[in-house]
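K.L.:
What would the 3D arrangement of this be:
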Amino acid sequence: MTFPALKTERLLLSELTVDDKAALFMLFSNPSVVEYYDLDVFQEHDQAASLIALFKARYDEQQGIRWAIRLTSSGQLIGTCGFNSWSSKMRSAVIGYELHPEFWRQGYCEEAVRAIIAAGFAGALACGELNRIQADTIPGNHASESLLLRLGFKEEGLRRECGYWKNKFHDLKCFGLLRSEFKKL
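P.N.:
Here you go, the predicted model:
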């Protein structure tokens, strides 16, 4: 099964490989990147290799997909994005994304996430044509909430103490986007 690469004006979204281990370590060893994430700050390069293996296994088992976000100009990995999980039966998926802080506030994340949403709603992925895409944020993650709202997501509610990581419970704000809403944008 061929991993689907996506191109945008400034980005290439492609498969993560073991060659990305150092760049992925740099990304996830940054406390700002994982502040709202369900991962601790990486301490060892092997953690990056394990994450790459996890993303590969999810794709191989058709449970989700994660792309490397690369600058087309240099091929540099600046983040990742994808569907953390999907249900072909329910025609829905949950997205996630992160960028290295050096590339924040330059429109890269919006460009990448818009591309994966379009691919999901167009039926261009193994999950088939999606009808709903969901995203969850921790209250206070204003940058992520703002991104989702710009992309047409609607805030649907707060799930109290729905997540547990870093030794504490977290409320999660739920955002949803329907294919019919995305077509109107």
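
K.L.:
for this protein, which spans come out with low pLDDT?
P.N.:
Scanning the chain for pLDDT under 70 picks out the ranges 184-185.

K.L.:
in it, which spans are helices?
P.N.:
21-28, 31-34, 45-60, 108-122, 142-150, 179-184 (DSSP state H).

K.L.:
Any idea which of the ones you listed gets closest to Asn131?
P.N.:
The closest approach between Asn131 and any of those, judged by C-beta to C-beta, belongs to helix 179-184 at 5.1 Å. The C-beta positions use only the backbone N, C-alpha and C, and glycine is treated the same way.

K.L.:
Which strands and helices lie in contact with that closest one?
P.N.:
helix 108-122 (3 or more C-beta pairs under 8 Å, 6 or more residues apart in numbering; DSSP states H and E).

K.L.:
mind listing what's buried in the helix it packs on?
P.N.:
Neighbour counts over helix 108-122 (16 or more other C-beta atoms under 10 Å) mark 108-117, 119-121 as buried.

K.L.:
Please apply the same query to stretch 29-45.
P.N.:
Ser29, Asn30, Val33, Val34, Phe42.

K.L.:
which one of these sits closest to Pro139?
P.N.:
Nearest to Pro139 among the buried residues of stretch 29-45, with distances taken as C-beta to C-beta, is Val34, at 16.8 Å.

K.L.:
hmm, back to that, between the helices of the chain, which one is closest to Ala5.
P.N.:
helix 108-122 (10.4 Å).
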